[in-house]
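Engineer: When you get a sec, could you give me coordinates for this:
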Amino acid sequence: QVQLVESGGALVQAGDSLRLSCAASGRTFSNRVMAWFRQAPGKEREFAAAVHWSSGRTYYADSVTGRFTISRDNAKNTVDLQMNTLKPEDTAVYYCAAGLPMGMIYYTRTNYPYWGQGTQVTVSS
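Structural biologist: All right, here's what the predicted structure looks like:
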């Protein structure tokens, strides 16, 4: 049974940094894409960043490019999201997603079969 467990969410101030981690268990994700999505109150869940498990190739939403960095640790089976220069508009529940086959659209949430429960990030101004 696949399980994704996020951690690292917190209440921080604008301009601070935060690192989220997603621990995956139950299977390996070679040749698959793992991602972070986020959902702000009253809004739809949106794509933030993704990484191809084998190659390490990364993808980012325009809103986080230059501030967020996604990385994976093959040995630990984890995917991290380093978030710098946080803004109040980054406030959201952040979800780890996994299992996207290569060739499918990485920013479409319905293409991911596995999801974590989410971790809350709140950025105060």
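
Engineer: Would you mind extracting the C-alpha trace of the biggest strand by length in the chain into CSV?
Structural biologist: Counting by DSSP state E, the longest strand found in the chain is strand 92-101. Below are the C-alpha coordinates for strand 92-101, written out as CSV (Å, rounded to 0.1, in the frame of the first residue of the first chain):
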residue,chain,number,x,y,z
ALA,A,92,-2.0,27.0,1.6
VAL,A,93,-2.2,23.3,2.4
TYR,A,94,0.7,21.7,0.5
TYR,A,95,0.1,18.2,-0.8
CYS,A,96,2.6,15.6,-2.0
ALA,A,97,1.6,13.7,-5.2
ALA,A,98,3.3,10.7,-6.8
GLY,A,99,3.2,8.2,-9.5
LEU,A,100,2.7,10.2,-12.7
PRO,A,101,3.9,8.3,-15.7
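
Engineer: what's downstream of that strand, the next helix or strand?
Structural biologist: Moving toward the C-terminus from strand 92-101, the first helix or strand encountered (DSSP states H and E) is strand 114-115.

Engineer: what's the average pLDDT for that next one?
Structural biologist: Strand 114-115 shows an average pLDDT of 96 in the prediction.

Engineer: Partner strands of the helix or strand hosting Arg72 and their direction?
Structural biologist: Remark: Arg72 resides in strand 68-73, with elements defined by DSSP H and E. Strands flanking strand 68-73 in the sheet, each with its direction: strand 78-83 (antiparallel) (DSSP bridges).

Engineer: Let me know the angle separating the strand it pairs with from strand 92-101.
Structural biologist: On the basis of axes from the mean of the first three to the mean of the last three Cα atoms, to 10 degrees, strand 78-83 is oriented at 140 degrees to strand 92-101.

Engineer: Mind listing residues that contact strand 78-83?
Structural biologist: Residues outside strand 78-83 that contact it (Cβ atoms under 8 Å, 6 or more residues apart in numbering): 17-24, 34, 36, 48-49, 51, 64, 67-73, 90, 94, 96, 98, 121. Where C-beta positions appear, they are placed from N, C-alpha and C, glycine not excepted.

Engineer: ditto for stretch 114-125
Structural biologist: Where contact means Cβ under 8 Å, 6+ apart, the residues beyond stretch 114-125 that reach it are 2, 4-14, 16, 18, 20, 22, 38-39, 83, 86-99.
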